[in-house]
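K.L.:
give the three-dimensional model of this entry:
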Amino acid sequence: GRGSFAVVLKRRGRGRRDGDESASSSSSGMSILVTRRSALKDVWPGALYVVTSGVCQAREAGGYEETMSRELEEELGSDAAAGAAVVKLFEFPYEDKYMRVWGACFEVVLRDDAELAFEDGEVAAGEFQSLDALAATLASDPGDFTPIGRYVLGSYLAFKECGAMPPASWAERHVEPTLD
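P.N.:
Numbers count the residues shown, from 1 in each chain. The predicted structure is shown next:
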C-alpha cells in the first residue's frame, strides 16, 4: 500500500511577537506531537505514535498530499489543519509484520494558536514534547512506540540534520525485525 506520514511540529512557548524566530527548515525551537493510539485500533492499539498518518485511498487523485490533508483534518481537527505549513520531504519503502508500504514523509508546522481535537476515535490523547524529552522517552521504553513511527522519526531527523535520504528502492527497504 501507500501512506502519508507527518512529523507534526509546533513552536515551543506561547505569545511569540512579530519578528521572533519563525518556522524554518530547522526543527530547533519546536515541539513534536506525540499521540497515544486508540485502544480500538487494529494495529498497535494504545501505542505511542510520533507521526500522524493515513493510507492513500484509491479515490484520492492528489496522492500523498491529498491523503496528508485529509488525515490532518480527521486526526487533529479542522482548526489544527487550517493554516498548517505542510511540506513533503521524501518517499521511502518500509516493512514490518503488519505492513508493507511506500510512504511519504511530511513536515507539518501548526499555527501557534492551533487547537487540537481528537474527534475521529483514532487518537486517544496527545501532547507536544521537546525533542530532548522525546529522545529520553524513546531511549527508556522504545517498545511503547510504533515501529513505523520510530522509523519515520529517525529518517526525518537524519534528513533534517544532514540531508540523509532513506532507501529509495524496495530491494533496499527497511524491514523491522520481528521480536516475538
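
K.L.:
beyond the strand or helix carrying Ala139, next helix or strand please.
P.N.:
Take DSSP states H and E as the rule and Ala139 turns out to sit in helix 131-140. Using DSSP H and E, the helix or strand that follows helix 131-140 in sequence is helix 147-162.

K.L.:
so how far is the helix or strand just after that following helix off the chain centroid?
P.N.:
Sequence-wise, the next helix or strand downstream of helix 147-162 (DSSP H and E) is strand 174-175. Put simply, strand 174-175 sits 18 Å off its chain's centre (C-alpha atoms, centre = their mean, to the nearest Å).

K.L.:
now Val152: how far from Ala117?
P.N.:
23 Å (C-beta to C-beta, to the nearest Å). The way it works is simple: take the backbone N, C-alpha and C, and place the C-beta from them, glycine included.

K.L.:
those two - which one has more neighbours?
P.N.:
Val152 (26 against 15; other C-beta atoms under 10 Å).

K.L.:
looking at it, that one is touching Gly103, isn't it?
P.N.:
Yes - contact criterion C-beta atoms under 8 Å: Val152 and Gly103 qualify, at 7.1 Å.

K.L.:
overlap of the contact sets of these two?
P.N.:
Phe5, Ser53, Phe92 (C-beta atoms under 8 Å, 6 or more residues apart in numbering).

K.L.:
contacts only, for the residue most central in space within the chain.
P.N.:
The centroid of the chain falls nearest to Val51 when counting by C-alpha atoms, centre = their mean (2.1 Å). Residues in contact with Val51 (C-beta under 8 Å, 6+ apart) are Phe5, Ala6, Val7, Val8, Ile148, Gly149, Val152, Leu153.
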